[in-house]
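[1] sequence isn't available, so here's the structure alone:
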């Protein structure tokens with residue numbers, strides 16, 4: 001078995017998952033959104049509780065523009081593929097400052 005050193009992004013992702021632990025029914029990491037040909041988007045963390053779905057984008061620094069772009073793409077995918085009305089919320093997590101911001 002080969003162990004690799006965690007990247008800074010991976011450490012921040014685990015830190016966020018530790019903060020979310022116990023608040024949700026399920027927490028998924030590195031969730032891929034694909035069509036038949038390729039990966040369209042990747043969500044760092046997707047958490048569910050009852051009918052609420054929270055999507056988190058983790059960045060190492062305060063590059064919120066990139067996070068917003070990724071979250072908008074995921075929002076479009078979820079809205080286009082969902083047959084029922086779900087409650088989605090989207091968040092940006094800055095690992096260096098441990099700041100969590102809800103994105104509308």
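    Yep, that arrived. Please read these numbers as outputs of a predicted model, since none were measured by experiment. Residues are numbered from 1 along each chain as shown.
[2] you'd agree residue 70 is in a helix?
    Yes - when DSSP: H, G, I helix; E, B strand; the rest coil is applied, residue 70 is found to be in a helix.
[3] got phi/psi on the nearest residue to it once chain neighbours are set aside?
    Nearest residue to residue 70 in three dimensions, chain neighbours excluded: residue 57, at 5.2 Å (Cβ to Cβ, 6 or more residues apart in numbering). Every C-beta, even on glycine, is put in place using the N, C-alpha and C of the backbone. The phi/psi pair for residue 57 (degrees, to the nearest 10) reads phi -110, psi 120.
[4] and residue 57, what's its pLDDT?
    For residue 57, the model assigns a pLDDT of 96.
[5] what's the burial count for the closest residue to residue 68 other than its chain neighbours?
    Nearest non-adjacent residue to residue 68, counting by Cβ to Cβ, 6+ apart: residue 103, 5.8 Å away. By other Cβ atoms under 10 Å, the residues close to residue 103 number 17.
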